[in-house]
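> Give the three-dimensional model of this entry:
(chains A and B)
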Amino acid sequence: MKKVPADQGVLTLMTTSIVGESIPRIDGMPKITGNARYVADLSLPGMLHAAVLRSPHPHALLTRIDATEARKVPGAKAVLTGPDVLEIEGISPFYGPAFRDQPILAVERVRHVGECVAAVAADTREAADKALSLVEVEYEPQPAVHDVLDAIRPEAPLVHEKLEPAKTFADLAHLKGGQSNINYHFKLRRGDAEQALAEAAMVFSDDYVSPPASHAHLEPHGVMAEWDANGKLTVWTSTQSPSLVRNDLSNIYNVPLNQVRVIVPYLGGAYGAKLYDKLEPITTLLARVTKKPVRWILNREEVFVTSSKHGAVCRMQTGVSKDGTINARKVAVYYDTGAFAEIGPRIAYKTGFTGAGPYQIDNVWIDSYCVYTHKTPAGPFRGFGVPQVAFAYESHMDKVAHYLGRDPVELRLEYAYDEGDFFASGTRLHSLGHKESLEKCAEVIGWEPGPRKPPSPPPARGKRRGKGCALALKAVLTPSTSGSIVEMGSDGSVNVLTSTVEMGQGSDTILCQIASEEMGVSFDKVSIVRPDTDVTPYDTLTAGSRSTFHMGRAVQLATDDLKRQFIEIASDAMEVSEEQLEYREGEVRVRGMPDRRMTQEEVFAHKFKGAKGTTLVGQGVFQTSVAPTDKETGQSENMTAYWFGGASAAEVEVDCETGTVKVLNFAGGADVGKAIHPAHCDQQILGAAITTLGLTLFETMRFEEGQLTNQSFLEYILPAFGDVPRGLTSHILETPHRDGPYGAKGVGETGTMATIPAITAAIFDAVGIWIHEIPITPESVLRALRGDNGNGGTP
Amino acid sequence: MRTVELTVNGERETLEIHDQALLLDVLREKLHLTGTKEGCSVGACGTCTVLIDGKPVSSCLTLAAQLRSDQEVTTVEGLSQEDRLDPVQEAFLENAAFQCAFCTPGMMLAVKAMLSENPNPSDEEVREYLLGNYCRCGAHPEILKAIRSAAAKKT
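A predicted model of the protein is given here:
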């Protein structure tokens, strides 16, 4: 387990030729021609189609299930139920990254509408549907808990009566389940917030509520699986985490890792919905039982019951002392993780840390909870829980600013952390960029410095405009690991082998840019070998804005290894010691004597005695680590490999008669450390902001007694071209990180983090109403304008 | 089951299909033209967009049996002629008007149809026309730029 010391981090190059350029994407031609293959485009001869029967109840005992009649349907090759799975030898039927709380097929009990109770593999989809319609199921509905605040009460029905920790990840190794729907509780204590709030001249106390939402990736989940005659399993899956899927399947089937191969085609979006195990357990089991390839592609309605964004209630209290100082923040955030924990505990932990915001506040008290309810399981959604708490902490910065008669931007700049400060958790901060991003976005949106005048009472008719700015900071998931192989052929062409998944963010392109830069070969000579766990090394996962940093460094380490081999071979050929040689611009040269050198071709020729088509292979593993966290105080000397900051500024127009809110102008900013591909960074900032606009203004999964009532794209509305602000700009800042490749950090989530509070601040500026719940529907705006729900006016 | 004759990307195809077979499924599974995608099954997302006689249509809501053999169906695979990309494809490529690109085939076909009706659309006209083509990655800014570029090239 080699840790890369901070001072040995980056092989900095004085000038870069391709890193920093917005070159054409390498996946451009396949995607533009319609040639790019996604999992639903793959098939195998003799392939069967899978389908599942789903629970119609949010919580029920599964008292009887009988597939006898279903099995008689012509074309149905296998029908499995939960009890059938339990009878299969050698299978571990429960899985999950934090707790093994999810059965492959429901056993004894169902815990959310949509939970799978039976699965069929058949020749055609029609035969599969027919078979499912003949599965006999009896349920005994049980009291269910739907609301996260109800779920934490001692008398609430339990979603899980006992829990088994999965022990897959170092940071969650300490989990244990108990007699409560709270499956995880993170605490952070600094100073004495209770005392400070008691002494405060003014305490703001509000609940900020975000509903569950759908990731709504346009490509539904899908998997194709086949077992070969040797008992080796191959899975083609739309996943962000091939290495984890391999590990989980290896656990489920109790087979060695090398007997499971996970291949990832292009993904049609994911945003966190396609992590850990989703369809793989059922599909692989059907393939095993039928001894045929099986493919399972979800329809859109099924996607809604497969994963979701954590709804959350964030109880925020902010104290302001007599002298106008923010003296305390007390936060209780309840993340609604639905029926299965998935990675919810990590969200409560890693995002809980940041719940008070990136501000120097002496007294901080945070309780961050991950809570079960009888709803669609929640999983990571771009932003990993940060948008839900940033909504709260940024909203309070605006309330405080208005109370004190100060400029909300200037107040944030005063309190926000600086380089070298210690975060509330005790970790020292390096490479932030949130303040500079805020300044830039405020400037672009035309922010007038100085205190805001309280808006005059809005008219009954007419439109009012307002502006708002917000910032946020996120800590990257740590610890994690990324491995890469870089292989060069004797003709100088290069393959970059990576388990990082291209899901639209452009990872294929930038990893090849890095290899091209490091090896001094032109970009058109570099190719990517996409995730295939038979050949691409372990990578924790593609999510959380981590891949540029971690996999980028892994590629650099792999190219370092390759360059060392070049030097070793050249040393032998030139009869010069290795210390006297350096790899520069694609050649090996004697230091200080540029005429004495060997080209790549000459090195290969020497090593392989002139044979053509030979290869040299370099490999590298990059890992990050954390210092332990105190269970009671949440303090840790090192909780994250890097921070990435973002800011958003919005100008809105509120129609006082209809309550409609339009975002006219938006500026998104982020500090990316180093923009390896500047256009990609812009696309990530704005792409994330556009999605978040949808979450702010109209997206919500409407549950009624655990049933979704808007389970289709006719009712669950996504941002469309008409919703994209006419004024839309992105602003990249580069504060190099000492450990990142060329100083790069992460960017994928930055546009999600401060966008909600920028919009709500702008609405206050326009019409004087504070928003405490999203989505901000016209109805909620009208109610607030009329004071119907007590939210009208200034505090 | 019935036999239908379809003209897809300039080729006449004779196929035996279920009466209720969707055009989307016939294109993907019988003709192996997998560039057209299924995103929502209710005609809201636009990933299944194909052109019928140059007009954009949700193939997830169209029965293959509805079509006559003289109606020209165009999918993304039919956009490029031999080795030459369609100008819309070139504009999308040059402007990186995609990320995951699941929306891209349908988007480019809708854009092509729009520009053939309205060669120089205003920004508002473009946004209105493309309301039925979602992009969850949020590549809208680049797509709008690609459209301006494609329109400019034609004029």
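> Where does pLDDT dip in the stretch 101-250 of chain A?
Low-confidence regions of the stretch 101-250 of chain A, defined here as pLDDT under 70, cover residues A:169-178.
> How are the helices of it distributed by residue range?
Ranges of helices in the stretch 101-250 of chain A, per DSSP state H, counting those that start in this stretch, are A:125-133, A:148-151, A:193-199, A:242-253.
> From the chain's centroid, how far away is the first one?
Taking CA atoms, centre = their mean, to the nearest Å, the mean C-alpha location of helix A:125-133 is offset from the chain mean by 35 Å.
> circling back: so of the helices of the stretch 101-250 of chain A, which one's packed in deepest?
Among those, helix A:242-253 has the highest mean neighbour count (mean count of other CB atoms under 10 Å in any protein chain shown), at a mean of 22. Where you see a C-beta, it was placed from the backbone N, CA and C, and this is true even at glycine.
> Now the following helix or strand past that one: average pLDDT?
Using DSSP states H and E, the helix or strand that follows helix A:242-253 towards the C-terminus is strand A:260-263. Mean pLDDT, computed over strand A:260-263, is 98.
> export the helix or strand following strand A:260-263 as PDB, just CAs?
Toward the C-terminal end, the helix or strand that comes next after strand A:260-263 (DSSP H and E) is helix A:280-290. Listed next in PDB are the C-alpha coordinates belonging to helix A:280-290 (Å, rounded to 0.1, in the frame of the first residue of the first chain):
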ATOM      1  CA  GLU A 280     -26.500  -7.200 -11.900                       C
ATOM      2  CA  PRO A 281     -27.500  -9.700  -9.100                       C
ATOM      3  CA  ILE A 282     -30.900 -10.600 -10.700                       C
ATOM      4  CA  THR A 283     -29.600 -10.700 -14.300                       C
ATOM      5  CA  THR A 284     -26.500 -12.900 -13.400                       C
ATOM      6  CA  LEU A 285     -28.700 -15.200 -11.400                       C
ATOM      7  CA  LEU A 286     -31.100 -15.700 -14.300                       C
ATOM      8  CA  ALA A 287     -28.200 -16.300 -16.600                       C
ATOM      9  CA  ARG A 288     -26.800 -18.900 -14.300                       C
ATOM     10  CA  VAL A 289     -30.000 -20.800 -13.800                       C
ATOM     11  CA  THR A 290     -30.900 -20.800 -17.600                       C
END
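> re earlier: format the helices of the stretch 101-250 of chain A as CSV; extra columns: distance to residue A:208.
Listed next are the helices of the stretch 101-250 of chain A as CSV, based on distance: least, CB to CB, whole Å:
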stretch, distance to residue A:208
helix A:125-133, 42
helix A:148-151, 13
helix A:193-199, 18
helix A:242-253, 32
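> Ok, which of those comes nearest residue A:450?
Proximity to residue A:450, assessed across the helices of the stretch 101-250 of chain A by CB to CB, is greatest for helix A:193-199 (28.6 Å).
> counting contacts, what elements does that closest one pack onto?
For helix A:193-199, the packing partners by 3 or more CB pairs under 8 Å, 6 or more residues apart in numbering or on different chains; DSSP states H and E come out as strand A:311-320, strand A:326-338, strand A:363-372.
> Now do the helix or strand following the second one: distance to the chain's middle.
In other words, strand A:326-338. Read in the C-terminal direction, the helix or strand following strand A:326-338 is helix A:344-346, with elements assigned using DSSP H and E. Using CA atoms, centre = their mean, the mean C-alpha position of helix A:344-346 is found 12 Å from that of the whole chain.
> Quick check: the gap between residue A:779 and residue A:376.
Between residue A:779 and residue A:376 the distance, using CB to CB, to the nearest Å, works out to 24 Å.
> Looking at these two, which has the bigger crowd around it?
The residue with more neighbours, out of residue A:779 and residue A:376 and counting by other CB atoms under 10 Å in any protein chain shown, is residue A:376; that gives 29 against 11.
> Is that one part of a helix or strand, or is it coil?
Using DSSP: H, G, I helix; E, B strand; the rest coil, the structure places residue A:376 in coil.
> wouldn't it be in contact with residue A:338 here?
Yes - look at residue A:376 against residue A:338 with CB atoms under 8 Å: they come within range, at 5.1 Å.
> Need the overlap of contacts for those two.
When contacts are counted by CB atoms under 8 Å, 6 or more residues apart in numbering or on different chains, residue A:376 and residue A:338 are jointly contacted by A:112, A:212, A:308.
> Is the last one in contact with residue A:373, as I believe?
No - Residue A:308 is beyond contact range of residue A:373, at 11.1 Å (criterion: CB under 8 Å).
> Find the closest residue to chain B in chain A.
Of the residues in chain A, the one nearest chain B is residue A:34, at a distance of 2.5 Å by CB to the nearest CB.
> Got the confidence number for that residue?
At residue A:34, the predicted lDDT confidence score is 96.
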